[in-house]
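>>> missing the sequence, but the structure's below:
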């Protein structure tokens, strides 16, 4: 296993021998004042897509929750915009192209549902599961917002 912070090979260790970052998939148990565990708050930030992402990004200051909330905002915000654009564009197309674009729109919706389930499960497991592009952006936003 490679460390997500410094990139060094850590083998099967629970902590990176180079930087000391935690590497396990152990579910987080820390709670905020209202009693919600981090993994549950992270899960809840995905429940209604970007809407709950915004809510949890604004109300919860824990890094794990902020990361998942920002990733929810980015992923499901982009998918929502893509569906709106394609949906508005489809109406003005002839039938042959309409069916093609409609199929693409449905595939985007299916991919969104699969991502939604995957991200909910990973957050519940207490993992910092980063999607390729959105995860990096979410990590930067969540980290910089924590210093405000």
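Cool, got the structure. Remember, predicted model here, so these are calculated numbers, not experimental data.

>>> what ranges of this structure fall below the confidence cut-off?
1-10, 12-35, 91, 145-148 (pLDDT under 70).

>>> Show me the residue at the heart of it, geometrically.
Centrality entry for the chain: nearest residue to the mean C-alpha point is residue 71, 3.3 Å, by C-alpha atoms, centre = their mean.

>>> Tell me the spacing between it and residue 102.
28 Å (C-beta to C-beta, to the nearest Å). Yep, even glycine has a C-beta here, placed from its N, CA and C like the rest.

>>> Correct me if wrong: residue 56 contacts residue 43.
No: here residue 56 does not reach residue 43: they are 9.9 Å apart, not a contact under C-beta atoms under 8 Å.

>>> Quickly list what's touching both of these two.
Jointly contacting residue 56 and residue 43 under the rule C-beta atoms under 8 Å, 6 or more residues apart in numbering are residue 68.

>>> ok, and the closest non-adjacent residue to residue 87?
residue 105 (6.4 Å; C-beta to C-beta, 6 or more residues apart in numbering).

>>> helices or strands next to the host helix or strand of that neighbour in the packing?
Using DSSP states H and E, residue 105 maps to helix 95-124. On a contact count with 3 or more C-beta pairs under 8 Å, 6 or more residues apart in numbering; DSSP states H and E, helix 95-124 meets helix 38-47, helix 63-90.

>>> List the contacts of the residue in the chain sticking out farthest from the centre.
Relative to the centre of the chain, the most outlying C-alpha is that of residue 94, 36.3 Å out, by C-alpha atoms, centre = their mean. Residues near residue 94 by C-beta under 8 Å, 6+ apart: none.

>>> care to break this structure down by domain?
1-27, 38-145 (automatic domain parsing).

>>> winner for burial among these?
domain 38-145 (a mean of 17; mean count of other C-beta atoms under 10 Å).

>>> Centre of the chain to that one, how far?
6 Å (C-alpha atoms, centre = their mean, to the nearest Å).

>>> contacting residues around residue 83?
105, 108-109.
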